[in-house]
Structures are given as C-alpha cells and as structure tokens.
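J.: Kindly return the folded structure for what I paste below:
(chains A, B, C and D)
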Protein chains: 4
Amino acid sequence: MSTGFFGDITKIKYEGPDSTNPLAFRHYNPDEMVGGKRMEEHLRFAVAYWHTFTWPGGDPFGGQTFERPWFDDSMQAAKLKADVAFEFFDLLGSPYYCFHDADVRPEGANFAENTKNLNEIVDYFEKKQAETGVKLLWGTANLFSHRRYMSGAATNPDPDVFAFSAATVKTCLDATKRLGGANYVLWGGREGYETILNTDFTRELDQMGRFLNLVVEYKYKIGFEGTILIEPKPQEPTKHQYDYDVSTVYAFLQKHGLDKEVKVNIEQGHAVLAGHSFEHEIAMANTFGIFGSIDMNRNDYQSGWDTDQFPNNVPEMALAYYHVLAGGGFKNGGTNFDSKLRRQSLDPADLLIGHIGGMDCCARGLKAAAKMIDDGALKTPLDARYEKWDSPEAQKMLRGEYKLDEIAARVEKEGINPEPKSGRQEYLENVINRYV
Amino acid sequence: MSTGFFGDITKIKYEGPDSTNPLAFRHYNPDEMVGGKRMEEHLRFAVAYWHTFTWPGGDPFGGQTFERPWFDDSMQAAKLKADVAFEFFDLLGSPYYCFHDADVRPEGANFAENTKNLNEIVDYFEKKQAETGVKLLWGTANLFSHRRYMSGAATNPDPDVFAFSAATVKTCLDATKRLGGANYVLWGGREGYETILNTDFTRELDQMGRFLNLVVEYKYKIGFEGTILIEPKPQEPTKHQYDYDVSTVYAFLQKHGLDKEVKVNIEQGHAVLAGHSFEHEIAMANTFGIFGSIDMNRNDYQSGWDTDQFPNNVPEMALAYYHVLAGGGFKNGGTNFDSKLRRQSLDPADLLIGHIGGMDCCARGLKAAAKMIDDGALKTPLDARYEKWDSPEAQKMLRGEYKLDEIAARVEKEGINPEPKSGRQEYLENVINRYV
Amino acid sequence: MSTGFFGDITKIKYEGPDSTNPLAFRHYNPDEMVGGKRMEEHLRFAVAYWHTFTWPGGDPFGGQTFERPWFDDSMQAAKLKADVAFEFFDLLGSPYYCFHDADVRPEGANFAENTKNLNEIVDYFEKKQAETGVKLLWGTANLFSHRRYMSGAATNPDPDVFAFSAATVKTCLDATKRLGGANYVLWGGREGYETILNTDFTRELDQMGRFLNLVVEYKYKIGFEGTILIEPKPQEPTKHQYDYDVSTVYAFLQKHGLDKEVKVNIEQGHAVLAGHSFEHEIAMANTFGIFGSIDMNRNDYQSGWDTDQFPNNVPEMALAYYHVLAGGGFKNGGTNFDSKLRRQSLDPADLLIGHIGGMDCCARGLKAAAKMIDDGALKTPLDARYEKWDSPEAQKMLRGEYKLDEIAARVEKEGINPEPKSGRQEYLENVINRYV
Amino acid sequence: MSTGFFGDITKIKYEGPDSTNPLAFRHYNPDEMVGGKRMEEHLRFAVAYWHTFTWPGGDPFGGQTFERPWFDDSMQAAKLKADVAFEFFDLLGSPYYCFHDADVRPEGANFAENTKNLNEIVDYFEKKQAETGVKLLWGTANLFSHRRYMSGAATNPDPDVFAFSAATVKTCLDATKRLGGANYVLWGGREGYETILNTDFTRELDQMGRFLNLVVEYKYKIGFEGTILIEPKPQEPTKHQYDYDVSTVYAFLQKHGLDKEVKVNIEQGHAVLAGHSFEHEIAMANTFGIFGSIDMNRNDYQSGWDTDQFPNNVPEMALAYYHVLAGGGFKNGGTNFDSKLRRQSLDPADLLIGHIGGMDCCARGLKAAAKMIDDGALKTPLDARYEKWDSPEAQKMLRGEYKLDEIAARVEKEGINPEPKSGRQEYLENVINRYV
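T.: Modelled structure (predicted):
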C-alpha cells in the first residue's frame, strides 16, 4: 500500500513544546482552539506539489541533487509521484495541497495531449482525495516553464501563445473545479519583460486585461465557486513583472473593472523582493478589499533572488498572521508553503522536517497574533492615536464638507498650530515582544 | 547690480563638443532645432531652488560644509538668496525654476506668518521674473521638514496637521498661480509610515484621497491652469511611502476618481529606489495617460538612499528622453534638476559646473532620442514583433469576441502549437549604441 | 539632585516575563547566572552617548524633532547633558557608556580649544563615574562631522587634516585612558571616497596604515591597556568606505602588520549593509582572531541606509550571541547600543523604553545561546558533519603531506567517488527554534 | 568543412562607426593602434565556452530554449561543439577562448573517465588551435555543477570531495599547460555556505588555503608559466561565498602566504553584486598588486542575481579600462566575455551580435581610457589634489618619523586648522564625459 519512500516514518503527531523529536509537532496542534476556531481551520495549510515533489534540486550553477524514483516523464511516474504525495499529506496531516498542471502530468506534444494527460491525473487525484480527505486549496497552470512561453503567455507578442495559454487555463480551471479547489491562482511568471527595448507596455497590459476577463467570465459560466487570485511578484524570472506588488495589481484590476472579482495570493518572498514586508502587503490588500490567500515562505533578505525557504522567524510571522486575522481571517484562502528544501537536504525525512518546522512556526505566529487581537494589544493604542479624527469637525473635513480655502481660513482664524506627539514605535515593538 | 557671488563668471555659452572650457556648454545649444523644435523648448530645464540655494551640505554624519552669505533665516537673507538665484538662472540660461515655500521664505511662528513671509517673497519673485524672463515650472509646499509633519501631513493622525497642511497648500497654490507656474507638485515626503505598528492604512489613504480632491477642486475654483502632479517615491525619509511608484500612484488616483485630473512627476532617483528604471516609469505613465514632468538626476545604484546626483550617463538618459518623446514630449512638464552638488563641491563655480554637465548630457540624450524616433530605430522592430496581433482573428480575441472555451476549442481543432522567435535583445542594445 | 528630566520615573527593575509594565525588565536580570557568569558580566551593556543624548531627531528631509534642555553648544549645557546621562545610566542600570569627543564637549574654534573643553568634561565624567560606578566601555574621536573632515581624516588629501586628526585621537586616547576605558574605537566615517575620480587608493590606504600604527605605538607609550578596535562599515556617509567589512579590515591589518594588535567592533547594521549577517561577521572575526566588541542595533533590511534601530528580533540576536559565546565571550568588549529612537519618539520615557526592549531581547538571545552551547545543539551535529576530516589520511592531506599529483593518483587508484550527504539545514533551523 | 551552423555568415569585419550592418564591427578594429599597441593586443578578447556553447537557455523557472545540434552528452557531440566553437572564434576574430573541463567533455562515471574524456578533447583542441591560431586565455575546472560538489569542493566536509577536486584541478592544470593557456582560474562556486548553522569557517578556510597552496606548488612542479587567478564573487550559487570580493581574497592570500603568487580575475557582475563598481575592484587589485584579468559582462543593477549580460554601457566601461591601463594594461590577462545571450535570443546570429556589441563597446571604452591617460585627464587633477603630501614634513609624517604626541604638539603649536577644498566631483564627471 505504502510506497516505502518515507521508510518507517509514521504520522507526525503533536508532542508539545518540550519534545525534541524532529518528527513531531511542538506547536501545531490541529484541534487546539485559538480565538474560537480550531487551529487547523485557521491556518488551512497546503503543501506545494512543485517544490515538494518535482523540484530536482538544481540551481543556475548546478544540476539535480535529489534522486527520486518518480523523476521521469511517464504517466506511470506521475502516478507514483501522486502516491507519494498523498502519502506525504497524510503523514504530515496537511489538509490541503496546491498544484500546477505541469507538476502532475507528463508534458505532451501539444495541447490535446496535455489535456488528456492532465485529465487522467485528475481522475487519479479525485480518487485519492476521496480516500484521504485531503482537499485542493488551489490549482493553477504553469505558463512559464515551456519554451513557448519564453516571451510571455497572455502578454506574448504572438497571439497564438495567448490562445494556447487561454486554452490551458480553461483546462486547469475545469480540473480545479472538478477537484473542488477553493481558489484558482494566476502567477504571471513571464508576464513582464527582459528588456523594455522590445516591449510595448500598452499592448501587453491590454492583452493581460483581456486574458483575466476571459478567466473571470469562464469561472461564472462553469459555476466555479472558488476565488480567482493573482500572485504578485516584482521580478524573476523576468527582469520586470507586471504584477509587481499588491498596489500594482490593484491598479490593474481597477483599470480592467475586476477589483471586485479578483483577489491576491501574497507570498512572503515576493513581498520582500518588491521592497515590502509581508505584513505590509497583507494589510494593503485588506485596505483594498482584495486579500485572498498567502504563500508562506521566507526570502533571505540578502539574496536578491527568490529563495523560497521554509519560514522560521516567528516574530515576523506573528505580524503577518496578525493582519490576516485583523482582516477577518482566511475565507477561501489558506497557508500554502511555497517553500522548498535547500538542495543539500537530500533525505526523504528532510521533506517532512522542513514542513514541520514551518507549521510549528505558523502555529506560534497564529497564537501570538490571536492573543494580540484578544488583548487589543495594537488596536487600542492605534485607536487612541487617531482619536482626534473622530471629532465632528474632523469628520466633516474628511467627508469633503470643507473646501481648501475654508480650511485655510479656519487655520488662520483659530491659530491652529499643532504640536507633534510621540509615535511610540519602541513601546509598540516591546509590546509585540511580549507575545512572541 | 550683481551680488558678486559668482565672481567674474559670465553667461555660459555654447562652444561645441570640442570645447574644454568647464564653464561652457558642449552639447546644449538652446536654439538648435531637434525634431522641428528648439532644444530649449524640448527640454524645458528648471533649476531646483532647494538643492541649489538652500542645502547646506549636511548629511546624517556631518554638518554644513557650504558657506553661503544668505544662510540665515531673515527676510533680508531670503532676498539675497533670490538675487543670487535669479543671477544663477541668468548665467546658466535656465528658462525655469522650481521651489518649495520653505526654500524661499523665512520660517514663521505660525501659519499666518508663513503666509505673510511667502507673499512678500512672491512679490519679489514676480518682479525678478518680469526682469529676467525666467519662469516657474512648478511650485510646491514643503510638508515634511518641520517637526509638526513628522507623522505625516495629509496622513497625520492629528486632523489639525491635515488642516495646517491643507492651508499651506492653498497658499502655495495661490503663489504658484500668481507666478504663472506651469504645474503644481505634491511630494508626500512624510505620507507613509515608520512602522506599521502605529499605522492604519485605511484611514491614512482615505485622508490622502480627500486631501488630493481638495487640491483639485481648489485648482478649478481659482482657475489655475497648470497640471497637478504627484511625485512618487518608495521610501526615505519614511520607511515606506504611500506614493511608492507610478503604478501605486495610478491605483490611488483611480480609487479616488482622479486619474484624469492628476499626473506624475517622475524622478530618476526615486524610480531607481523603487526597483525600476527611469524609462520604465516614464513608459508606464504614458501607458496610463498620467505622464507629466521629470525630475532629472541620478541615484547611485549601489547607495540605498536618495543621492540626488547630477545625471551623467548619456546612454541611460537617451532612453528616458526616448520615452518622453514617444509619449509626445513635454506639455506643461519639463526637466527639473533635482540634483545637488556633492557636499565636498564647495565652490560657487561647482554649482554652475554641475548644471552644465547635466544639461549637456540631457542635450546628448535628447538628440539621440530624437534621431531614434526619426529613424524608427526601435519602433520598426517593435511593430514587426507584434504584427501577428494585427490579424482580424487576433483582434477579435483581444476585443473579447471569443470566450475562453471557444479559444480552447480553436487551439485543439487547429492544433495551434506556437514556436518561439528570437527576442533580439542584444541586437536592439547594439542599435541603441549607434545613437549614443 | 535629579535634573527632573525623567519626571517621576524610578530605577528600572526586573519584574519577570509576565510583567506588562513598559518601564520594567522582563528578561534582563543582571544577577541571574547564565553559564556560570552573571548576566550583567556576560552582556556588558553600554549606552551610546551620541544617539541617546545628542541626536536632535533630524534626517535628510527634516530637522530637529527632539527638544532637550541641553541642546546648545555651551559648557553649561554639556554639563547638564552629562547630569542627565549619568542619571539615565543609573535609572537603566547600564554598567557602561561610550562617547565621541564631539558628543560631550562644546566645539572649539581650534584644536587647543577642543582639547581644553574635552578635558574639562573628562574631569566632570571622572567624578560622575566615581559617584555612580558607571564605567567607560570605549571612547572615540569624531573625525567625520566637522567640515574639515569632509574629504577624510587619515585619508585626507591634505596632510594638515591628517595631523589634526592624529592630534585629536591623541587627546581622545588620553581621555579614554584617564576614564579607565576598556577599549578605544576608530570608525572611519569619512575614510573612503565619494568618487573614485578624485581618489588615489594607494596613497590613502598607506596614510591610513600609518595612522593606525601611530595609534598603536602611542597606546603602548602611555600604557593604555584597553583594546584598539576598528569598526567596519561598507558605505554611508561616503559612497565607499575602506573598512568595508571584517574581511576587508583583516586584509588591511595584515598588510600593515597590525593583525595581532587591533580587533574589530562589529555593528549589526553595518554587517547588514555589507551584505552579511551579524553572526557571519562575528564568526569571521573569531576565525581571524580579531573579535573585539559589538554595536548592537538593527538595520531595516529594506532601507539602504543605516537605520540604527533598537534590536528586537530575538531569533537573530540569539545567533549573534551564540558566536560571541562560541568565541569565548566578551573580554574587553561588550554590548554597546548603537541605536537611536525613531525621530517621532519624543518623550523622555521613550529613551528608557527603547533601551529596555533592547536589553530584554539581548537577555533572551544570550540565554538561548548559552543553552545551545550547553546542549551542544549546534556543535554536536557540526562535529559529526566534518568527522571524516579527523582521519589520519585527511589530516595528512590537510597538513600538506600529499602533493596535488599524489592526491590525483590516489583518487584514480582508489576510485574515490564521493556521494553527497544531506546538509540538514531545515533540521538545524528547527533546532534553533527550540531555543528561541 | 564548415558545420553550417552559422549559415551564410562570413567573417565579421570592421566597417567603421557609420555602418548599420549588425554583423560588422563599428569600433573594434584589431590593427588600430591605441597608445602604441594594437587594439587586439590591448584587449585580448576571449570567448567563454560555457555561456556561448553549452548553456541551454534555462533559468530557475523554465527549461531549455536553445536548440543546438550538439546538445547531448556524447563525445561526438562534444567534437561537433568544438567544431562550431572554433568556427565561431574565427568568424568573430576572437584571439582567445576560455573553458571549464565540464564544458568541453562528456561527463564520465568517475574521475578516470572524466580525465580520459578531457584528454581526448584536449587533443582535438590542440589541433584546432594549431589550425586557427586561436589561443587559450585560461582553463578551469568546474567544481560546482555536479552534485558531489553541492557542499563545496575544497571546503567540503568530506575530505574525499577535497581529494576528488584536487585531482580534477591537477588534470585541468595539465590540460591548460598543454594548450598553452596564459592563466589558470579558480572560481569557488560552492566554496561558501548555505547556512552558517552547519558550517565551520575556521576548518573550511584552512582547507581552502591548503588547496590553493597545492595548486601553486603543482604549477611550479610542472613548469606552468601562466598566472593562477582567483575569481571573487560574493554570493550565488551559495548564500555566501568565501571569495567575496578583491579585499576578501587579498586577506585570504596574505593569510596563506600567497599574495605574491596568486592574482585575481575580476568580473563586472560579481563586483556589482558585492556592492562595488567594476573600476573599484580593478583599482583595489592594482593597489594590492594582485590584478590579473577581467571577466567583462554587465549585471543588471536591479536584479539581485548574476545576470551575465553583454556589456553595453560605454561610460562605465571606459572607467574600467582606465584602471586596467593605469595599472599597466594586461600582462597574462585579457578580456573574457563572461556573458550569455538572453534566453529569448534563439538565433545563431544572436551569438555573434552579442559579442560584436560587447567588443565594440570595449573598443570605445579602451580608446576613451587611452586618451584620458594620454591627456592626464584624471591624473593631473589627482596629483594636484594630493600635492601637499609631497612636502618633506608630510613625507616624514607618512614614514613614521613623527609620533602621535609629536604631531599633536605640532598641531597645537602651529595652530594647524585646515580649511577644506572643493573635491570637484562634478567637474571630473564632466571631464569624463568629454571622452565617452
């Protein structure tokens, strides 16, 4: 029954903070109640199929380091990979997973073959999901690895690539619906440019707007009830990607009339590469009403590429979850580990250990965040800081009931000459450190 | 008549490329025709009052290095500074200048004093402008240096600061109108945050939206015919500024219904700090229809703060002007040198030399750009690259006349399987190098 | 007796982890034993005179925000400042402080006046130290703020500046000796360049080598028993500083025969700006045998300038202290807070709160580090990883007893074909998270 | 005879600056005399075998885009690749090339097979070199791509990997000698760490020191007359590489007694990633007496990974060649293009176009640099800036004939109180712009 890949490792259990067992949870306890909800339902963890099962350990200066029995491009290997994957979800106790079409099926010679291969695997996954109870957090199409996409998918100068991409997304959205996916994600890995010299922004952004509208229309047509998510990233693989960050995506969504239809899947590593903190991007998405889901990982602050490491800094993660909770918590979204082992971490056990560490850190972050919410640790001082805006005069000013010259007249007449007040940053940083 | 500050330096003349006179132009020749327009009218150079006349040469680790006779806070000193400034504009042959209120008038004890001081200087400037023919490219209010603004101006948690700021902008917009300014700029130097822990994005962005609407309404009320410009910058002085880059500003303008009313003033150094090239930001603004003006300088790519150096890399500048011209050239906008001398450049002549070098580089960049436009050097290969999109089928797809499943059916039926074509980046880079 | 500056704040006490009193320690408990030594003796905290008492809250875009009664340039103000400073050391329970000459005395018109002013303050400090028991961790000369140093101190193109700088260091070293300083620090704030175009590296590095040799010779002459420390920093204020990082300093020390004489004072923020982690720099200094002391602060990873914030990330700090302890702990060195309040933190209490938070985080970091050492948490797996090097054959190879061709012959003959082993990074990261 | 790969492209000729032929040189004219030497002998161009003939166009998010007939791992393919390579050198007129063992031979199952395969190719190259007159600038061993090196080569925790690496370098140094290579390069692609948690710096740096000593000893044993070069790089592929930059390498060489034996091969892209300009690293190597050779390319300043693009910014390149010439020009070294096509540049002609553009830019840079040297454009103002150091008093101070207290006494007695002088940065920048 078991593939044997994980040897004699058995289901990972919660053993509490004092455990030194590397194959046990110390903080993630799925049934523990946090702020009135089970921890598992709060965090909604997902395993990323690509990093965990398909990445060979290569980097720009070296090839494969991992040796997995399913590393060939046959359907049989794809099914062995699926067997190991669902075994992994079960060992780990991950309630969800995420995948690209290209992660799960052999590459075909053309669109028809790709579709056929994908559908055969979707049948297989459907059965596996039923057997294990594992669910799909989101599906997506890989529109960036194959050489046909080298100059973009939706934004390609060749409309045939646009069409091929559209067809592929149609297939993947169908698959996601069949598998009961809670979301469908678009990450524009090649939607951007290598050089502005050969690129027409106006054309390409129009193409991209049309593409996204096609997807949203089709979602309604087939009755897919999940959320359509865009995943921002500033650069890499391209020199410059159009979905740079949350604000850029919001500009694009407004322009194309989609700001009520599409939300964002925010990745820690992408936020960092764009010059933002993770919590900044989450809070900004809350402000714009487009928060959807997160890709939890960590980017080395001092490596300028996407390092996709497992997260391990609890103080930072607590702030991220604080803003997730402050926005009402996940609805369709969840915590997908878009994290990969370092290429030197060769052992099957390392796959589990990476996820266990990440899940434990998320659990610690979540608990700290929930406690801060409960205590009003940040909200109370925040409300106090802005309280003068609650006055009737201030509210009238904010609603536009005074014009610029009226305000000026008032300033002059009343001799308004405000004195600054301490921003108390160090105090608030110390408060956070009480919780983490 | 002359203040004597510049010694025996006389009006800077064009002497042609072979000149080795450091006090002559080698490329900037105001009357030379470029693409059917005088070079001066193309470039619309402006001198920045702040860097050139008020900056004392300090940095975070050291104090004043420049010793200028007008460095005190009296009205008399302010007038001496104005005398030197207009003398400088004349020596340099700069047709425009730009200023903040705080650059030109002594700081008063309150709003009324500030207004009085400003108005006295505006009278003085008005006369100077009439005498010299020098014009105002834009005016602006300094809402970031005084301690009252330490937590923001429009986005301050104290509505009195909002009011004080609004009153100040009213005054400055009045002044700009009186002086015939072609634009009015808002740079949100403290509109952002030092820590997200004490900041409420939703409130602050609403405040900022209201503020900008007040300004636009007032512009119409007084019949100011210039353009209102926002100047994006990602960070510094704050950890994170709301007007991060052109796309972020565009998101904000759309949200607040101002995307037809307000344009952007793009600074090279700010573009670079946001992770973009200057030409990227200009081209993006063209695509969004919000391009206004530029702040020409250069940021050291390897210093993480705003270095505001005089520009000197012609190949890069040519690409910036290429996109300015490709968008139709400046209308109200122009080329403001938001550049300051290095703090070791103590001599009055250095002020001229910095500007001369910058203007010469701009002239070289402009000429290269105009020639590229004339030759279709970039446009011809660009049109060829996208030409398949001009086919009727592609156009129908782009207009939304095919749905996602219809496209998928066509891909399958027609066996569409596109082959990639060379992006020719190195070829295009070599083409550019023919012009610079 | 008291200056009254801190109002009714009384001596900060340890109240344990559950305290919510912002003016109490939650983790720093000076007398608590950690690895056989009192916590206070381990950490050897020092307050930085400059950030805490002289910085006015300015930044490149705004002026003073703090209003301190001692902000004028008289001797009387300098003494009031000293009164407040020693009051602060006492309230906080900081056993040490650090200062530059320019922090503590009024600026004189020339070298003689500077010396006289400094000596008057040193007399005053001597008395204060005796009264309070507070000690001097290190003294230093400010050779970067005054305009005479704008082009460098030791590396100035003008030998008179070299001489002035040498004279100033002589005075400051004398003062440090009188005050019983445990170290003397040189930070080369202007030893570097703004542009390579006007800079001769060979000359300037020779000047710098001579300067440092002068200092070391003088140390012996006067019998100063402290350690001479260089503080590396990669850039800011200059575009490029010669003491870029620990390795660069080590190259310089070897070149000038000083690698046994001079050690390094490593600052977290400077390490980060140089592209390194704090623990990297500490461990590298241990490897080179030049570890001296630390400046504890935190640099925002996403701000490209020196932000000098109070540290607050315990997991990172634990790794720093781990390497301090792994190298044997501080000898003459200590933990100087080279941290300043954010400029919005106006209240006197903020000064204490910033330091309290930093000290608590250091205490947590130290305890975690000591426990990791005790448990061999990192050392045991490290030794196992390299154990094959302990074999006699490997040791002979390492000692040079085999030549390249002999090794090649052995590889061929024995068919040596090594298989990689897991680097276990995620496992080790999880281990760290057990301690923090 | 011809492989036909380049179609009907014929030998690239110099056609002068007005040519618009993309397959002609506009500035590189090998026989043109520059400063008394033929341009070809100045620049000593080399083609990099790896980027040009073996890179498939992959990146971390996508696979192969290039389709070359020699992309399989047989000896026959390796010879076809060699045929195309020498054809390319001939078409381009490149006098030199560079290679790693792994670029040119099929990967064997073990060391013996690798050696056999390499030697067979070296025979083939020897014949090709004789036929074409093309020479080897440098050879090197690829000790980073194969999974055995994933944790380092010389710095591996497994001494067998050290031995395997040593054996491989022995073979490659033999090959380089046979082929008359002018240099032998070591780039430590995996000599560094992914995490400090599993790394012992002291051990690893000792291993690396031993390794380099072995190589130098062997060089003498076999009578190899070329230069041994280390190529610094700060990070990528590892998080942190030991040979961070020129100064770090210099520290290492001194420590291991090799600073007279080993020089550096400096790459523009690596300099930039380390936070330095290219000219900084060259000038620093000149100062230390360890300048050897350059890898000419360009790193996108805003991409945090090694982009290895063809150089195209002449003003920057002129400064690099200025320092090469100021140090006496290349001896054994040369200009190796460590540059690769963008992965969208699919056509065989793109390979030539990339190199042509690079060579033209180098030629422009060289000519500008030589003219600046001739004119004393930078040296004259530089000497003037430091001239006060030529005085006898200053020289005595620099030679150590005055002690610190003697200097202090002199400052006091003579009332030395230096006034700063303008650093003239903008003037010098304008001077540079006269030449480029």
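J.: Wasn't A:G139 part of a helix?
T.: No - according to DSSP: H, G, I helix; E, B strand; the rest coil, A:G139 belongs to no helix; its state is strand.
J.: give the contact list for it.
T.: Residues near A:G139 by Cβ atoms under 8 Å, 6 or more residues apart in numbering or on different chains: A:98-101, A:172-173, A:175-176, A:179, A:181, A:184-185. Just so you know, the C-beta spots here come from the backbone N, C-alpha and C atoms, and that holds for glycine as well.
J.: If you tally nearby residues, what's the number for A:A166?
T.: Using other Cβ atoms under 10 Å in any protein chain shown, A:A166 has 29 other residues around it.
J.: Oops, could you answer that again for A:T132 instead?
T.: Neighbour count for A:T132, taken as other Cβ under 10 Å: 13.
J.: how close does it sit to B:R298?
T.: Note on A:T132: its distance to B:R298, by Cβ to Cβ, to the nearest Å, is 58 Å.
J.: now do A:P159
T.: A:P159 is 39 Å from B:R298, by Cβ to Cβ.
J.: Residue numbers of the stretch 301-436 of chain A in contact with chain D?
T.: Taking Cβ under 8 Å from any Cβ of the partner chain as the measure of proximity, the stretch 301-436 of chain A contacts chain D at A:302-306, A:342-344.
J.: how about a cut-off of 10 Å?
T.: Along the stretch 301-436 of chain A, the residues adjacent to chain D under the rule Cβ under 10 Å from any Cβ of the partner chain are A:302-309, A:342-346.
J.: Which pair in those residues has the greatest spatial separation?
T.: Greatest spacing in these, by Cβ to Cβ: A:G304 and A:L346 (26.1 Å).
J.: Could you look up the SS state of A:G292?
T.: Using three-state DSSP, the structure places A:G292 in strand.
J.: Contact partners for it?
T.: Neighbour list for A:G292: A:138, A:183, A:185, A:226-231, A:262-266, A:285, A:330-334 [criterion: Cβ atoms under 10 Å, 6 or more residues apart in numbering or on different chains].
J.: Please flag which of these sit within helices.
T.: Per DSSP state H, helices hold the following members of the contacts of A:G292: A:A285.
J.: out of the contacts of A:G292, which are buried?
T.: Among the contacts of A:G292, those scoring as buried are A:138, A:183, A:185, A:226-231, A:262-266, A:285, A:330, A:332-334 (criterion: 16 or more other Cβ atoms under 10 Å in any protein chain shown).
J.: before we move on, the earlier item: mind listing which of the contacts of A:G292 are in strands?
T.: Among those, the residues falling in strands (DSSP state E) are A:138, A:183, A:185, A:227-230, A:262-266.
J.: Farthest-apart pair in those, please.
T.: Taking Cβ to Cβ, the two most distant members of those are A:I228 and A:I266; they sit 14.7 Å apart.
J.: Which residues of the stretch 1-150 of chain A lie near chain D?
T.: Neighbours of chain D within the stretch 1-150 of chain A, by Cβ under 10 Å from any Cβ: A:55-67, A:107, A:142, A:144-150.
J.: could you redo the last one with a cut-off of 7 Å?
T.: Neighbours of chain D within the stretch 1-150 of chain A, by Cβ under 7 Å from any Cβ of the partner chain: A:59-65, A:144-145, A:147, A:150.
J.: could you dump those residues to TSV with distance to D:N313 and neighbour count?
T.: Below are the residues of the stretch 1-150 of chain A next to chain D laid out as TSV (distance: Cβ to Cβ, whole Å; neighbours: other Cβ atoms under 10 Å in any protein chain shown):
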residue	distance to D:N313	neighbour count
A:D59	28	17
A:P60	23	14
A:F61	25	16
A:G62	30	19
A:G63	33	14
A:Q64	36	14
A:T65	37	24
A:F144	29	21
A:S145	32	21
A:R147	30	20
A:M150	25	27
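J.: what's the closest of those to A:Y402?
T.: For the residues of the stretch 1-150 of chain A next to chain D, the minimum distance to A:Y402 (Cβ to Cβ) is 51.2 Å, reached by A:F144.
J.: for the residue lying closest to the closest one once chain neighbours are set aside, helix, strand, or coil?
T.: By the measure of Cβ to Cβ, 6 or more residues apart in numbering or on different chains, the closest residue to A:F144 outside its immediate chain neighbours is A:G189, 3.1 Å from it. Assigned with three-state DSSP, A:G189 falls in the coil class.
J.: What pLDDT is listed against A:G189?
T.: Listed pLDDT for A:G189 reads 96.
J.: which ones are touching it?
T.: Residues near A:G189 by Cβ atoms under 7 Å, 6 or more residues apart in numbering or on different chains: A:143-144, A:237, D:61.
J.: Just name the closest of the residues of the stretch 1-150 of chain A next to chain D to chain C, please.
T.: Nearest to chain C, judged by Cβ to the nearest Cβ, of those is A:T65 at 6.7 Å.
J.: Could you pick out the residues of chain A near chain C for me?
T.: Checking chain A against chain C by Cβ under 7 Å from any Cβ, the hits are A:20, A:22, A:65, A:275, A:301-302, A:310, A:312-315, A:341-342, A:344-347, A:350, A:353-354, A:356-357, A:360-361, A:420, A:422-427, A:429-430, A:433-434.
J.: ok, how many other residues are close to the residue in the stretch 101-250 of chain A that chain D sits nearest to?
T.: Among the residues of the stretch 101-250 of chain A, A:P237 lies closest to chain D, at 4.1 Å counting by Cβ to the nearest Cβ. By other Cβ under 10 Å, the residues close to A:P237 number 20.
J.: same thing with the one 4 residues further on?
T.: Residues near A:Q241, counting by other Cβ under 10 Å, number 24.
J.: Also A:R178?
T.: A:R178, neighbours per other Cβ under 10 Å, totals 17.
J.: what secondary structure does the closest residue to it other than its chain neighbours sit in?
T.: For A:R178, ignoring the flanking residues on the chain, the nearest one in space by Cβ to Cβ, 6+ apart is A:V122 at 5.8 Å. Three-state call for A:V122 (three-state DSSP): helix.
J.: Now do the same contact list for A:V122.
T.: By Cβ under 7 Å, 6+ apart, the contact set of A:V122 is A:175, A:178-179.
J.: same deal with A:E40?
T.: Going by Cβ under 7 Å, 6+ apart, A:E40 touches A:30, A:95.
J.: Next, it: secondary structure please.
T.: helix.
J.: A:D8 in helix, strand or coil?
T.: Per three-state DSSP, A:D8 ends up coil.
J.: Next one: it from chain C, what distance?
T.: Between A:D8 and chain C the computed distance is 17 Å (Cβ to the nearest Cβ, to the nearest Å).
J.: again with A:L325
T.: A:L325 is 21 Å from chain C, by Cβ to the nearest Cβ.
J.: ok, that residue - contacts?
T.: A:369-370, A:373.
J.: And the next helix or strand past whichever helix or strand it is part of?
T.: Applying DSSP states H and E as the criterion places A:L325 in helix A:314-326. Going down the chain from helix A:314-326, the next helix or strand is strand A:335-337, by DSSP H and E.
J.: the inter-axis angle of whichever helix or strand comes after that next one versus helix A:314-326?
T.: On the C-terminal side of strand A:335-337, the nearest following helix or strand under DSSP H and E is helix A:348-375. Here helix A:348-375 runs at an angle of 60 degrees relative to helix A:314-326 (axes from the mean of the first three to the mean of the last three Cα atoms, to 10 degrees).
J.: near chain B at all, helix A:348-375?
T.: No - with Cβ under 7 Å from any Cβ as the criterion, chain B is not reached by helix A:348-375; the gap is at least 10.5 Å.
J.: so what does that helix touch, helix or strand wise?
T.: strand A:24-25, strand A:33-34, helix A:39-43, helix A:75-92, helix A:314-326, strand A:335-337, helix A:425-435, helix C:425-435 (3 or more Cβ pairs under 7 Å, 6 or more residues apart in numbering or on different chains; DSSP states H and E).
J.: for those, which one sits closest to B:K413?
T.: For the helices and strands packed on helix A:348-375, the distance to B:K413 is smallest for helix A:75-92, at 24.7 Å, taking Cβ to Cβ.
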